[in-house]
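Asker: Sequence first, then the predicted structure:
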Amino acid sequence: MCYQFSVTSSGRMKGVNPELIIVFMEAIKSSPIDFGIPEYGGLRTATEQNKLYSKRRSKCDGVLTLSNHQKGDALDFYAYLNGKASWQPTHLAMVASCILTTAVRLKREGKISIELTWGGTFGSTGFNGWDMPHIEVK
């Protein structure tokens, strides 16, 4: 199956690193699972970042500690199955694998210059140890 982003998910990528968008736009075409971009999953203002920090959904407060989302160098995603968002680790790992594989291929083909890191590999250094629905520029 060949998926594509909804208008909403596409809009949530506005202002993000163009090469990161290229990766996501290409990855969704070959992903075994549909996926999308959640609210605040793309570029964030300091106010939006601080709201997430206040809710303990981020370690970055948006003022003293900036998030890669504020720089446009990160995207969050969710898996989309049976008409609803899934945050199940298995589903997120499958999507992340497709995104990372796509990035490696595009870099090898000379279409992008960036490398990506997945929040699922942050281990004990990331937010709550893991940040599975998060991809950022290395």
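Answerer: Cool, the structure landed. Numbering: from 1, shown residues only.

Asker: mind listing the strands in the chain by residue range?
Answerer: 34-36, 74-76, 78-81, 84-86, 116-118, 134-137 (DSSP state E).

Asker: Including mean neighbour count and distance to Val63, could the ones you listed go into a markdown table?
Answerer: All C-beta spots, glycine's among them, are computed from the backbone N, C-alpha and C. Listed next are those as a markdown table, based on neighbours: other Cβ atoms under 10 Å; distance: least, Cβ to Cβ, whole Å:
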| stretch | mean neighbour count | distance to Val63 |
| --- | --- | --- |
| strand 34-36 | 22 | 29 |
| strand 74-76 | 24 | 17 |
| strand 78-81 | 20 | 27 |
| strand 84-86 | 13 | 29 |
| strand 116-118 | 20 | 24 |
| strand 134-137 | 22 | 19 |
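
Asker: Reformat these as CSV; add distance to Gln4 and mean pLDDT.
Answerer: Output for the strands of the chain, formatted as CSV (distance: least, Cβ to Cβ, whole Å; pLDDT from 0 to 100):
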stretch, distance to Gln4, mean pLDDT
strand 34-36, 9, 98
strand 74-76, 16, 97
strand 78-81, 12, 97
strand 84-86, 17, 96
strand 116-118, 21, 95
strand 134-137, 18, 96
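
Asker: Gln49 is nearest to which of these?
Answerer: strand 74-76 (11.0 Å; Cβ to Cβ).

Asker: Give me the contact list for that closest one.
Answerer: Contacts of strand 74-76 with the rest of the structure, by Cβ atoms under 8 Å, 6 or more residues apart in numbering, involve 13, 16, 20, 24, 37-38, 40-42, 67-69, 133-137.

Asker: out of the residues you listed, which are inside helices?
Answerer: Those of the contacts of strand 74-76 mapping onto helices are 20, 24, per DSSP state H.
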